[in-house]
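K.L.:
Sequence plus predicted model, see below.
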Amino acid sequence: MSSWKNASKAGARSYKERSQPASRSHLGALEKKKDYKQRAIDHQRKQNTLKVLTQKALARNPDEFYFNMVKTVKKDGVHQSKQDTEVYTPDQKKLMFSQDQRYVNMKRSSELKKIERLKSSLHLIDAADQPQNKHTVFVASKKEARNFDAAKHFGTHPALVGRRFNRPTMESLQGGEFADIDESALQTATEKKKRKYQELKKRIEREKHLGIISQKMERKKQLLQDKAVKKKKVAAETKEAAAQYKWQFKRKR
């Protein structure tokens, strides 16, 4: 009997839902029952949520106090916490959560050794933080000022005029090892020295960065170890320094 039912269904006409008429095609696709059902369920869910929130607001005690009342501020209609200021840089977070303090201190000591090695080789003769002194030369007329030749005035090679140190005269250069100065070689040496100073600057910044991370990790370890001891926060934690605490004095027995 069931086989006859299946056979009758096979020859039945397939269900076709009405499409949007051509005159109303500018309104978009015609909403079907499944679309209406989905929209109705979403609307009912929102109405139920509003009803629950309304009941909570009506039953709320007007004299009740929350700490968020004093810890939040309203900006553009949205409540934001006053303590959302970020005290860690992305690099600090990455290093603090992936490595321990011994690794940070080891890398810092390595950077300090490299910095001392660079300083000893460069002697900081042309360091950028040194004061830029000026050498003023007075002439008799404007014509002499326009035709002023610094190399001729100081009696040195034109390639050595801009140097603040070790600027020999032409007399001392004649007949010596540097009698015939190669300007390209001098330029190469200057560029090499500039790169060395840039490397020194980056290593000093990295050593400072590692020092800040080490301080923050050490402070967190102290707070975990001394939970029972009373303490007072003196300075909040920032990107440049760890938080400062003042522990209660406890007499040793």
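P.N.:
Noted; the coordinates are in hand.

K.L.:
which SSE is Val234 in?
P.N.:
Assigned by DSSP states H and E, Val234 belongs to strand 231-235.

K.L.:
Following element in sequence after that strand, please.
P.N.:
Following strand 231-235 toward the C-terminus (DSSP H and E): strand 244-247.

K.L.:
what residues does that next one touch?
P.N.:
Arg219, Gln222, Leu223, Asp226, Val229, Lys230, Lys231, Lys232, Lys233, Val234, Ala235 (CB atoms under 8 Å, 6 or more residues apart in numbering). Backbone N, C-alpha and C define where each C-beta goes, glycine included.

K.L.:
Run through who's touching the strand holding Val234.
P.N.:
Against strand 231-235 from outside (CB under 8 Å, 6+ apart): Ala241, Ala243, Gln244, Tyr245, Lys246, Trp247, Gln248.

K.L.:
that older thread, which of the contacts of strand 244-247 lies closest to Lys5?
P.N.:
Taking CB to CB as the measure, Lys5 lies nearest Leu223 of the contacts of strand 244-247, at 77.0 Å.

K.L.:
Count the residues that sit near that closest one.
P.N.:
Using other CB atoms under 10 Å, Leu223 has 13 other residues around it.

K.L.:
Kindly report the same for the one 4 residues further on.
P.N.:
A count of nearby residues for Lys227, using other CB under 10 Å, gives 7.

K.L.:
Tell me how far it lies from Gln244.
P.N.:
According to CB to CB, to the nearest Å, Lys227 stands 18 Å off from Gln244.

K.L.:
which among the contacts of strand 231-235 gets closest to Lys71?
P.N.:
Ala243 (18.1 Å).

K.L.:
hang on, isn't that closest one packed against Glu218?
P.N.:
No. Counting by CB atoms under 8 Å, Ala243 stays clear of Glu218, with 11.0 Å between them.

K.L.:
Kindly indicate whether Gln80 is helix, strand or coil.
P.N.:
strand (DSSP: H, G, I helix; E, B strand; the rest coil).

K.L.:
Hmm, I typed the wrong one, I wanted Tyr66.
P.N.:
coil.

K.L.:
Make sure Lys239 is actually in contact with His209.
P.N.:
No. Using CB under 8 Å, Lys239 makes no contact with His209, being 10.1 Å away.

K.L.:
between the two, what contacts are shared?
P.N.:
Jointly contacting Lys239 and His209 under the rule CB under 8 Å, 6+ apart are Gln92.

K.L.:
More neighbours: which of the two?
P.N.:
His209 (18 against 12).

K.L.:
so where does the more buried one fall, helix or strand?
P.N.:
helix 183-225.

K.L.:
Quickly note the distance from the residue nearest the centre of the chain to Lys216.
P.N.:
Central residue of the chain (CA atoms, centre = their mean): Thr89, 5.1 Å from the mean position. As judged by CB to CB, Thr89 and Lys216 stand 11 Å apart.

K.L.:
go on, Gln101?
P.N.:
Applying CB to CB to Gln101 and Lys216 gives a distance of 10 Å.

K.L.:
Please compare those two by neighbour count and tell me which comes out ahead.
P.N.:
For the pair Gln101 and Lys216, the greater number of neighbours falls to Lys216 (22 against 16), based on other CB under 10 Å.

K.L.:
which ones are touching the closest residue in space to that one that isn't next to it in sequence?
P.N.:
Leaving aside its sequence neighbours, Lys216 sits nearest to Ala242 (CB to CB, 6 or more residues apart in numbering; 4.4 Å). Ala242 is in contact with Ile212, Gln215, Lys216, Glu218, Arg219, counting by CB under 8 Å, 6+ apart.

K.L.:
Mind checking which of the residues you listed are buried?
P.N.:
Buried by 16 or more other CB atoms under 10 Å: Ile212, Gln215, Lys216, Arg219, out of those.
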